[in-house]
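# have a look; sequence and predicted model below, questions after that.
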Amino acid sequence: MSVSGLPHCATCGVPLRDYVHRVRPESERCIGLAWCPACRTYAGAMVHVPREEDLPDALAPLDEFDRERLLKSETKLVDHIDRLIRRGTWPPA
Ligand SMILES: [Zn+2]
């Protein structure tokens, strides 16, 4: 799935990262984020993913408070996922 339509950052040329999560658990409407890990430019878009499709949830290990905090801020969410990638725990195997 490509949110931005671009595989690489137009400025840095590095591969973009993306993350898609559902607005509500049973909703087809999802928020897709794509960002550049080098210059931190990011883009968000509403995307549709069929309900049957399993989207891995990067925030699943967090409690409700931390989830809410990250979902309210796209920059915090992007930072969080970058941290998981650095630790090697994202994307799930
Ligand atoms: Zn960039």
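Yep, it's here. Residues are numbered from 1 along each chain as shown.
# every contact and neighbour count from this point should use C-alpha atoms.
OK.
# pretty sure residue 80 sits in a helix.
Yes. Assessed with DSSP: H, G, I helix; E, B strand; the rest coil, residue 80 lies in a helix.
# tell me how many other residues crowd the nearest residue to residue 42 once chain neighbours are set aside.
Leaving aside its sequence neighbours, residue 42 sits nearest to residue 35 (CA to CA, 6 or more residues apart in numbering; 4.0 Å). Using other CA atoms under 10 Å, residue 35 is surrounded by 23 other residues.
# okay, residue 35: pLDDT?
Predicted confidence (pLDDT) for residue 35: 95.
# quick check: it vs residue 59, distance?
18 Å (CA to CA, to the nearest Å).
# up against the ion, what does this structure have?
When proximity is defined by CA under 5 Å from the ion, the chain lies next to the ion at 9, 11, 12, 36, 38, 39.
# what about this structure, any weak spots by pLDDT?
Along the chain, the parts satisfying pLDDT under 70 run over 1-5.
# and the helices in it?
64-71, 74-87 (DSSP state H).
# hang on, the earlier thing: now neighbour count too, for the residues of the chain next to the ion, in CSV please.
CSV is the format used below for those (neighbours: other CA atoms under 10 Å):
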residue, neighbour count
9, 21
11, 10
12, 12
36, 21
38, 13
39, 11
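# how about those residues in a markdown table, adding distance to residue 23?
Output for the residues of the chain next to the ion, formatted as a markdown table (distance: CA to CA, whole Å):
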| residue | distance to residue 23 |
| --- | --- |
| 9 | 26 |
| 11 | 30 |
| 12 | 30 |
| 36 | 23 |
| 38 | 27 |
| 39 | 27 |
